[in-house]
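Engineer: Here is a sequence with its predicted model. Questions after.
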Amino acid sequence: MQEKIQDFWQKHPCGAEFVGDLSEKNRQDYEDFFSRYDDFRYQKESHILKNLDRIDFQGKQILEIGLGQGADAEQIIQRGGIYSGVDLTDESVERVKMRFAIRNLAYSEVKQGSALELPFPENSFDIVFSHGVLHHIPNIQTAQKEIARILKPDGKLIVMLYAKNSLNYLLSIFLLRRIGLILIYFLGLKIDGIYGSHLENAKETGIWNYLKIQNFIHANTDGPFNPYSKVYDLNEVRQDFSSFSLIEAHQDFMYAPPLKVGWLPLAKWLGWHLWATMKIKR
């Protein structure tokens with residue numbers, strides 16, 4: 001499964017498709033792409049910056065697991081963190097190193113590697129930060145043990161996980177998108193785009209098998225061909241991160257496509273992003 005996950009994210013660098021990906025990999029194209037990507041990311045998900053502002057990065061050894069385009073990495077460095085990063089794909093590692101070079105950002109290390117076997121010594125970091133990544137790891141028990149190993153004894157794990165108790169999961173994914181696909185499938189409609197891809201999946205695997213929520217959830221978080229995702233409530237956070245104690249959690253970001261719900265003031269109850277802060281159990 002890890003090879004499938006690696007291949008997917010290698011071919012679909014996080015968020016790139018929303019702003020038009022790199023055409024030629026030269027410095028000018030990188031700079032233009034990073035600017036467009038950051039504007040898109042923090043306009044759509046402005047809560048990320050507010051949540052980063054709540055974290056004391058200053059002077060601390062930080063490891064980010066899952067690099068994306070390096071937008072949050074830059075924010076962590078700007079907030080005084082001594083930054084290291086690791087990603088499963090060499091594509092993200094290359095992009096983030098280019099971002100740092102172009103923008104003259106100081107960092108410690110950026111490595112390609114797996115969260116199942118982190119390429120760092122034990123007791124190395126004050127904070128492990130991971131936004132929207134750990135819910136893509138099927139063997140999360142191994143990953144969380146690795147995180148505990150490389151954290152200092154008083155260190156923190158700060159993560160964003162997809163929230164089960166969210167409007168996106170409970171209404172959009174669990175109900176509306178499944179009903180929509182049933183209608184498209186049995187009416188024999190020809191459709192392109194993301195719904196066309198879901199239709200292809202349904203024809204390949206069988207409509208009822210595809211609609212089983214344990215299968216459907218993967219294809220309804222980060223694209224129809226995403227191999228694995230999980231959604232979390234607080235009990236599942238405690239179960240999957242059994243080496244840690246949960247010390248704070250909150251939800252953010254109203255998001256439930258195809259519904260336009262961003263204006264609803266319900267994010268702390270029904271937001272799609274579950275932010276959790278944990279410390280190693282003593």
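Structural biologist: That came in fine, so what should we check first? Note that the structure is a prediction, hence the values are computed from the model and not measured.
Engineer: Against G188, how distant is K44?
Structural biologist: 35 Å (C-beta to C-beta, to the nearest Å). For every residue, glycine as well, the C-beta is placed using N, CA and C.
Engineer: So between these two, which is more surrounded?
Structural biologist: K44 (14 against 6; other C-beta atoms under 10 Å).
Engineer: where does that one land on pLDDT?
Structural biologist: Per-residue confidence (pLDDT) for K44: 93.
Engineer: ok, it - contacts?
Structural biologist: By C-beta atoms under 8 Å, 6 or more residues apart in numbering, the contact set of K44 is empty.
Engineer: and it, how far is that from I179?
Structural biologist: On the measure of C-beta to C-beta, K44 and I179 end up 26 Å apart.
Engineer: And the helices in the stretch 1-150 of the chain?
Structural biologist: Shown for the stretch 1-150 of the chain, the helices assigned by DSSP state H, counting those that start in this stretch span residues 2-11, 27-44, 47-53, 71-78, 90-102, 140-150.
Engineer: Excluding residues flanking it in the chain, which one is nearest K203?
Structural biologist: Nearest residue to K203 in three dimensions, chain neighbours excluded: Y185, at 7.9 Å (C-beta to C-beta, 6 or more residues apart in numbering).
Engineer: Would you enumerate the residues in contact with the one you found?
Structural biologist: By C-beta under 8 Å, 6+ apart, the contact set of Y185 is L199, A202, K203, I207.
Engineer: Surely it forms part of a helix?
Structural biologist: Yes: Y185: assigned to a helix according to DSSP: H, G, I helix; E, B strand; the rest coil.
Engineer: Tell me which two of the contacts of Y185 sit farthest apart.
Structural biologist: Longest distance between any two of these is 9.3 Å, between L199 and I207; criterion C-beta to C-beta.
Engineer: hmm, back to that, now distance to K164 too, for the helices of the stretch 1-150 of the chain, in CSV please.
Structural biologist: As requested, the helices of the stretch 1-150 of the chain are exported to CSV (distance: least, C-beta to C-beta, whole Å):
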stretch, distance to K164
helix 2-11, 21
helix 27-44, 22
helix 47-53, 19
helix 71-78, 23
helix 90-102, 27
helix 140-150, 15
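Engineer: Can you say which of the ones you listed is nearest to F253?
Structural biologist: Nearest to F253 among the helices of the stretch 1-150 of the chain is helix 47-53; the distance by C-beta to C-beta comes to 5.5 Å.
Engineer: Pull out the buried positions in the closest one.
Structural biologist: Across helix 47-53, burial judged by 16 or more other C-beta atoms under 10 Å covers H47, I48, N51, L52.
Engineer: same question, stretch 129-138
Structural biologist: For stretch 129-138, by 16+ other C-beta under 10 Å, it's F129, S130, H131, G132, V133, L134, H135, H136, I137.
Engineer: again with stretch 174-193
Structural biologist: Those would be F174, R177, R178, L181, I184, Y185, for stretch 174-193 by 16+ other C-beta under 10 Å.
Engineer: Check the burial of the residue lying closest to L118 once chain neighbours are set aside by counting its neighbours.
Structural biologist: Distances taken as C-beta to C-beta, 6+ apart put E146 closest to L118, at 4.7 Å, once the chain neighbours are dropped. By other C-beta under 10 Å, the residues close to E146 number 20.
Engineer: show me what contacts E146?
Structural biologist: E146 neighbours (C-beta under 8 Å, 6+ apart): A115, L116, E117, L118.
Engineer: Report how many residues lie close to N165.
Structural biologist: By the measure other C-beta under 10 Å, the count of residues near N165 is 15.
Engineer: I figured it was touching Q251, is that so?
Structural biologist: Yes: with contact defined as C-beta atoms under 8 Å, N165 reaches Q251; the gap is 7.5 Å.
Engineer: anything in contact with each of these two?
Structural biologist: W269, L270.
Engineer: Quickly note the distance from the residue nearest to L118 to A115.
Structural biologist: Distance from E146 to A115, by C-beta to C-beta: 6 Å.
Engineer: just N168 next, same as before
Structural biologist: For N168 relative to A115 (C-beta to C-beta), the value is 24 Å.
Engineer: How about D252?
Structural biologist: D252 is 23 Å from A115, by C-beta to C-beta.
Engineer: more crowded one of those two?
Structural biologist: Set D252 next to A115 and count neighbours by other C-beta under 10 Å: A115 wins out with 24 against 20.
Engineer: For the closest residue to that one other than its chain neighbours, grab the count of nearby residues.
Structural biologist: Distances taken as C-beta to C-beta, 6+ apart put A143 closest to A115, at 4.2 Å, once the chain neighbours are dropped. Applying other C-beta under 10 Å, we find 22 residues neighbouring A143.
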